[in-house]
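> Please find the sequence and the predicted model below.
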Amino acid sequence: MAKKDTSCCNEKFKTTIGGQALIEGIMMRGPEKDAIVVRGKDGLTLEVTPRKVRKEGSFATWPFIRGSVNFFDSQVVGVKALMRSADLAPEEYAEEEQPSKFDQWLEKKLGNEKFQQYLIGFAVFMGLAMSIGLFFLLPMVVGSFFDGVITSTLGLNLVEGLVRIIIFMAYMLLVSRMPEMKRVFAYHGAEHKTIRCYEAGLPLTVENVRHQTRLHPRCGTSFLLVVMVISILVFSVASSALLSVAPALAAMRGHILYRLIMILFKLLLLPVVVGITYEINRWAGRHDNAFTRILTAPGMWMQNFTTNEPDDSMIEVGIAAVQAVLPEEEGADRW
């Protein structure tokens, strides 16, 4: 009989250490170091790099500003780690494609290092563009067609938010069914299990990690769902304020120009939404009560689709990744 999982009740502390599943590996970010661990044919490959610590009090560390800064930084670091794991992973898991003539020309003109920077920048741009287009722009366009029927700004944003959540859930469910993503999601599960074990104060062994839950309240999936809920509130309040100070715009309601202006206005508010969500996430990370459990419940449920149970070899990768980023001073990684 499988051992009952009670790890969610045994959390001794909350760590700021977090990570990302890669191709046959895991990337972990600690307070002082980042680590990439990839399992190849000859065993584990570990690469550790020091983190750039922002000076306390600098603009990038201001509340509500740091959210957007950290989100963009995590996208860049994540793409770099993913590309590096593709280089380190066995060929059967990372199919090597021949570069196009344009890529060959660009690499020749820019040099290998600048070419890699170009690829990372392009990948980050395309990832953000796809996310904004699919999860924000598309729901805005769909919602805008109801502005002639629904007169309430809150009601209109609720419809838009519902469409956004449906698209997000459908996307995640579709991705979870892709055969090539099953191992990636298993490494995602190994990442969560290892962090759970560490937060429970247990020795990081395969046996201890194996019995942890693969669901974690401070996962990026939970963050994205909270972003979507917060966007409904922010868009509703900001749209109402804009229409109250611009009656000429309110009089255009139902016109195509009105729809375009409101869509652009909401897109400009995305950094505000991310900033507010980040601060809520920081607060929730430090507390464990009924409200925070309700807040993270939808994201925890979604993780049933974005994580799979890892095998012992994947757990070993997770353990190596966490151990590589543990701070020198005990407790420096606490929320």
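Done, it's in.
> Only C-alpha atoms from now on, for both contacts and neighbour counts.
Fine.
> any idea where the helices of the stretch 201-335 of the chain begin and end?
206-210, 220-245, 247-250, 256-268, 270-286, 290-306, 312-325 (DSSP state H, counting those that start in this stretch).
> Mind giving me the packing neighbours of the first one?
It stands for helix 206-210. Where contact means 3 or more Cα pairs under 8 Å, 6 or more residues apart in numbering; DSSP states H and E, helix 206-210 is packed against helix 182-199, helix 312-325.
> Now tell me what touches the first one from outside.
In other words, helix 182-199. 7-8, 11-15, 17-26, 176, 203-204, 208-210, 212-216, 306-311, 314-315, 317-319, 322 (Cα atoms under 8 Å, 6 or more residues apart in numbering).
> Now residue 69: closest residue in space, sequence neighbours ignored.
residue 60 (6.4 Å; Cα to Cα, 6 or more residues apart in numbering).
> Against residue 307, how distant is that neighbour?
32 Å (Cα to Cα, to the nearest Å).
> just the helices and strands packed on helix 206-210: most buried one?
Among those, ranked by average contacts under mean count of other Cα atoms under 10 Å, first place goes to helix 182-199 (a mean of 26).
> Can you check what angle separates that one from helix 312-325?
50 degrees (axes from the mean of the first three to the mean of the last three Cα atoms, to 10 degrees).
> Export helix 182-199 to PDB, keeping only CA atoms.
What follows is helix 182-199, C-alpha atoms only, in PDB (Å, rounded to 0.1, in the frame of the first residue of the first chain):
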ATOM      1  CA  LYS A 182       5.100  14.100 -20.300                       C
ATOM      2  CA  ARG A 183       8.800  13.800 -19.200                       C
ATOM      3  CA  VAL A 184       9.100  17.600 -18.900                       C
ATOM      4  CA  PHE A 185       6.100  17.600 -16.600                       C
ATOM      5  CA  ALA A 186       7.600  14.700 -14.600                       C
ATOM      6  CA  TYR A 187      10.700  16.800 -14.000                       C
ATOM      7  CA  HIS A 188       8.300  19.600 -12.900                       C
ATOM      8  CA  GLY A 189       6.900  17.100 -10.400                       C
ATOM      9  CA  ALA A 190      10.400  16.200  -9.200                       C
ATOM     10  CA  GLU A 191      11.200  19.900  -8.700                       C
ATOM     11  CA  HIS A 192       8.100  20.400  -6.500                       C
ATOM     12  CA  LYS A 193       8.700  17.200  -4.500                       C
ATOM     13  CA  THR A 194      12.300  18.100  -3.800                       C
ATOM     14  CA  ILE A 195      11.400  21.600  -2.600                       C
ATOM     15  CA  ARG A 196       8.600  20.100  -0.500                       C
ATOM     16  CA  CYS A 197      11.100  17.700   1.100                       C
ATOM     17  CA  TYR A 198      13.500  20.500   1.900                       C
ATOM     18  CA  GLU A 199      10.700  22.700   3.400                       C
END
